[in-house]
Structures are given as structure tokens and as C-alpha cells.
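Asks: I'll drop the sequence and a predicted model, then ask my questions.
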Amino acid sequence: MMDTEGLYEFLILSKTLNFSKAADILYLSQSVLSRHIKALEQTFEVPLFMRSTHGVQLTEAGELLARQATVLMDECDHARFVSALSAQNKRQVVRVGCVLELAYLSYIQNLITHFRQQYPDIKLTITVLTAGTPESLIDANLYDIILTPCEFISTASQVKMHFIQSYPVSVALYPGHRLLTENLLFAKDLIGEQLLVPFAHELFGPYARNWKVIEKATNQRVVGLKMDNLATALFEAAVGHGVVLVPDFIKPIAPESLKFVALANKYCRYGVYIYYDGRQKNQGAQLFFEACRRTSDN
């Protein structure tokens, strides 16, 4: 298979007609570039450049190659793609959708790392989901595995769910907030606050549930403001527009100005669930689901 890198270097040199300039553009030494060009000329069995004390010029064969090089590169890339796809098709592919927050959870990271080491012939493709996980996502046939904080209750019988773990939440506070001096917060401390609620439409998600818990605990004396997503809620909190209830492991994606104070309420939790769509009959996905279940039960 032809080396597309060599063709790319040839194209740069054919445009500059100067080894020094071409080498600088390619971050190569002139000697390395010269060696690569000679190797390309040996591949085609014709000289591509005329070298003289006055500079470098394309030969007739070089001019022809310059006109065709881009097409040849595309053909080579396509051949590589087909070859890689063929090799991939010999491996089982498991499509994993993982909610953004959970991508920062060490348990999930370790699970994926260990699974790949244990099953090198199974290809995990990971998609980080930034727009939440509506229940309809399970029926969309986009993923074999979904990692989400949502506890769906009306999935198809072939869809298996396993509860991994729940985590306490903290209150994300902006600089200068009146509660920053506290080491531990209670629901009553949030009376009068504007609570920013990402993914409030996810009725079985943690943000909507925690909002309702605080509303009940404060006799509706908090104001809930619905946010499209977590990133928006965290940004609005950072600029003083309200506070957010979040698990501590999202700190790496939060604005650095936010401070987190633990909330003492056993009903405010951030759950983590894994769903396996058994309708796809993907054995690799089933193995991943079982591996997750074993590790979370230990």
C-alpha cells in the first residue's frame, strides 16, 4: 500500500520547489525529506525532480504525479479505511453511551480500562452524552450500553438495568455566597435560594428529584429554575445566578470559582445506573453489563 505521508511531502515540495522551505513546513530535516523523496522515486521507478545548483524543478513524471497526487492520497486513505473496517468487523463492537458527569467518575473509567484489558477482541466505542439521557434514547438503537444517573421505570422487558451506586451531593456556590463559611449544609439553609436545575425534564433523573426533595423539605421556599444542561447550570452558578446540587466528582468540569459544600440530606442523592439493551443480542455488551454488575456488587 502506498505511503500517503510520502505523497503529502512530495506535494509540499512540488509547491515550494525548495527543500529547505518544504522541510520547515513539514518539520523535517532536509536530509530526511531528501531520503523520503528518493524512496518515492524508487517506488515509481522514475525521477520526480531535477536537482541542480539553481534549484529544484519537477520532471515530466513529477508534474503528472502532482496533478494526480491528491486523488492517489484519497484512494490510499479509502483503502486503509476499508482494511481497518474489515478488521473491525471481525471484532465484536459494543456501543457505550455515557453521560458527561459519569465520564469523570473513576469507577467508570476503571471499569472500561479493565474490560478492554480483559477482552481485547471486543471493541468498545464510547460516546459521551452531553444532552442528557431521555428514556426514548434506549429505544433509539444507538447504544448497546447506557451509563446514566436516570432510573427509568418503563423500559422494554429485554432491557436490563442494574443500580451501580449512589453518591451524596454538594451545593455548588459562587464566590461571596452567604453559605461559603459553612462546612455542612442542610435543606433549611437553602430557603430563599434560587436552585438551578439541569435536565429538569428528566423526571427520573437526579437533578429533578433532588429539586423536589429540597422543595418539600423547605415547604416550597426555594425557587427552581430549569436549565438546559449541566454546563449551563454551572456557568450560571459561577456568575451568581443561583446554586446547583451536584455530585463532587463533577468538579473537574465546573468553573474554578465555584466552591462545593456538602449537603446533609439522605434523600438528595446522585444515582448511577447501567442499562443493557438485550434486544440487540450483543454478547460483548452482555459481558460488559455482567462485568459492571460484578464489580459494583463487590
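Replies: Happy to help now that I have it.

Asks: please count neighbours and contacts with C-alpha atoms only from this point.
Replies: Noted.

Asks: tally up the residues packed near the nearest residue to residue 66 once chain neighbours are set aside, please.
Replies: Sequence neighbours aside, residue 11 is the residue nearest to residue 66 in space, at 6.4 Å (criterion: C-alpha to C-alpha, 6 or more residues apart in numbering). Close neighbours of residue 11, defined as other C-alpha atoms under 10 Å, add up to 19.

Asks: quick one: the closest residue to residue 184 other than its chain neighbours and residue 197, what's the gap?
Replies: In this structure, residue 184 finds its nearest non-sequential neighbour in residue 262, 5.3 Å apart by C-alpha to C-alpha, 6+ apart. Counting by C-alpha to C-alpha, to the nearest Å, the separation of residue 262 from residue 197 is 17 Å.

Asks: more neighbours, those two?
Replies: Neighbour tally, residue 262 and residue 197, criterion other C-alpha under 10 Å: the higher count belongs to residue 197, 29 against 19.

Asks: quick check, that one in a strand?
Replies: Yes. Judged by DSSP: H, G, I helix; E, B strand; the rest coil, residue 197 forms part of a strand.

Asks: show the pLDDT at it.
Replies: For residue 197, the pLDDT comes out at 97.

Asks: skipping adjacent residues, who's closest to it in space?
Replies: Nearest-residue entry for residue 197: residue 226, 4.9 Å, with adjacent residues in sequence omitted and distances by C-alpha to C-alpha, 6+ apart.

Asks: what helix or strand is the residue positioned nearest the centre of the chain on?
Replies: The residue lying closest to the centre of the chain (C-alpha atoms, centre = their mean) is residue 128, at 3.9 Å. Assigned by DSSP states H and E, residue 128 belongs to strand 122-129.

Asks: note down every partner strand of that strand and its orientation.
Replies: strand 92-99 (parallel) (DSSP bridges).

Asks: can you name the next helix or strand after the longest strand along the chain?
Replies: The residue-count maximum for a strand in the chain (DSSP state E) belongs to strand 159-173. As assigned by DSSP H and E, the chain's next helix or strand after strand 159-173 is strand 184-185.
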